[in-house]
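J.: Here is the input, now give the coordinates:
(one chain, ligands or ions: 1)
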Amino acid sequence: MKPALSVLLFCACLAAAATARAEENCGPVAIAPVAGATGARVHDYEPVFESCARNGETRFATRSFRIDGEKLLLTVDPQTLATSLERAACWRCAETNDADEADTRFLQAVRPPADPNRPPALVNAGLIHGEGAGVFITGDLCPSHKPLDRAFIEEVAAQGPGAPLTLAVSGAWIARHAEDFAWLQEKAHSGAIDITWANHSYSHPYVGGVKDAQNYLLRPGVDLDREIFETEKLLIAHGEVPSVFFRFPGLVSDAALLEKLKERHLVALGADSWLALGPPPRAGSIVLVHPNGNEPGGLQIFARLLKSGRMPGPFRRINEAPAHRTMQQSSAAASPGLSEQVSRPGVCSPWESDSCPAEAKALPERSARF
Ligand SMILES: [Zn+2]
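T.: Numbers count the residues shown, from 1 in each chain. Next up is the predicted model:
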């Protein structure tokens, strides 16, 4: 063999070996959890919108950041809505835009077609109902001084291994409940439950006695990007992966806030069955409870519905809730949503035939807890 050819072959072998090693390092990245981690572990956190390809797969990158010097991406599958952290070096990414990706299920979830049956409302904007059988159980972890209601989590886990549960978590709750958060992580890692982490803002602003239109994230000076990103960074720093869902504190937003959320490629997550307020869950309902210690009445109703067989089954993953076709939320139009319901003061659910639990009767009008 001529020397020049052998050198070429040697170089080609080296390159192939390097590529193989790089491929071995590709695939979803698991960030090792660190006790007491803060968002400061995550550097250069930025919103992006890129279409990324590798081995015939396509993902959208919605955030880029660095951990320990390595550039990573928060990505979403355009059809399944599953999110994962990926090494930027493993993907070929190019900037894209909403118009070019409008046909994907992800963009249709972020920017659903206007529903004539649901005029724009201050309360409960976004996805309130999913398609098909079963229910989507969502629990809000607004900031709270009280411990996590672990009994509720156990009730969900008792539905079977990997029972799906969406937790809309505020960063401030994670920062204050390290033990409870680690307990939830252990529940998920052991396979007892399958947690989807929705974002419930970081600080969950609220001032008592102020109208909704000037409250929650509509408070003057609120920085929506900071509220979104600080919670995402905290989840990532703890080894978790943020989903594409965001629940507005108090379920309160306006058109401008909703548009900003869409620009960050998040899906507004409402609910059509806030158990403490009604109406009752039906097939496809997005059910809302508060396992943060502040709404035991709703959890009691949850337990009674399970026990009496009045909770439609099975429990489903929230990624399955957005429509798989263009006519988003058409099935939700058949009955009133929660927007009218939650504007009333919190009272014992009118549809409950059982006697109302004292806690539910005592519920004040929506407060900082929600
Ligand atoms: Zn809340």
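J.: Who does the nearest residue to residue 317 once chain neighbours are set aside form a beta bridge with?
T.: In space, not counting the residues next to it along the chain, residue 317 is nearest to residue 164; the distance is 4.3 Å by C-beta to C-beta, 6 or more residues apart in numbering. The way it works is simple: take the backbone N, C-alpha and C, and place the C-beta from them, glycine included. Partner residues in beta bridges with residue 164: residue 194, with DSSP bridges as the criterion.
J.: Quick check, pLDDT for residue 164.
T.: Residue 164 carries a pLDDT score of 98 in this model.
J.: what about it, neighbour count?
T.: 20 (other C-beta atoms under 10 Å).
J.: Residue 316 versus that one, what's the distance?
T.: Residue 164 sits 6 Å away from residue 316, taking C-beta to C-beta, to the nearest Å as the criterion.
J.: isn't the residue nearest to residue 317 right next to residue 321, touching?
T.: No - in this structure, residue 164 is not within contact of residue 321 by C-beta atoms under 8 Å, at 10.7 Å.
J.: where do the contact lists of these two overlap?
T.: Jointly contacting residue 164 and residue 321 under the rule C-beta atoms under 8 Å, 6 or more residues apart in numbering are residue 136.
J.: any idea how far the residue nearest to residue 317 lies from residue 205?
T.: Using C-beta to C-beta, residue 164 is found at 29 Å from residue 205.
J.: Give me the below-cutoff pLDDT ranges for the protein.
T.: In the prediction, the chain carries residues with pLDDT under 70 at positions 1-24, 325-370.
J.: Now do the buried residues in stretch 39-53.
T.: Buried residues in stretch 39-53, defined by neighbour count with 16 or more other C-beta atoms under 10 Å: 39, 41-42, 45, 47-52.
J.: which ones among these are found in strands?
T.: In strands, judged by DSSP state E, the following of the buried residues of stretch 39-53 are found: 45, 47-52.
J.: how about a markdown table for the residues you listed, with distance to the ion added?
T.: Supplementary listing: these in a markdown table, determined by distance: C-beta to the ion, whole Å:
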| residue | distance to the ion |
| --- | --- |
| 45 | 23 |
| 47 | 23 |
| 48 | 28 |
| 49 | 27 |
| 50 | 31 |
| 51 | 33 |
| 52 | 33 |
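J.: Which single one of the residues you listed is nearest to residue 112?
T.: Ranking those by separation from residue 112, with C-beta to C-beta as the measure, puts residue 49 on top at 17.8 Å.
J.: In this structure residue 49 contacts residue 95, no?
T.: Yes - the pair residue 49 and residue 95 qualifies as a contact (C-beta under 8 Å) at a distance of 6.9 Å.
J.: so who does residue 185 touch?
T.: Contacts here follow C-beta under 8 Å, 6+ apart; on that basis residue 185 touches 33, 238-240.
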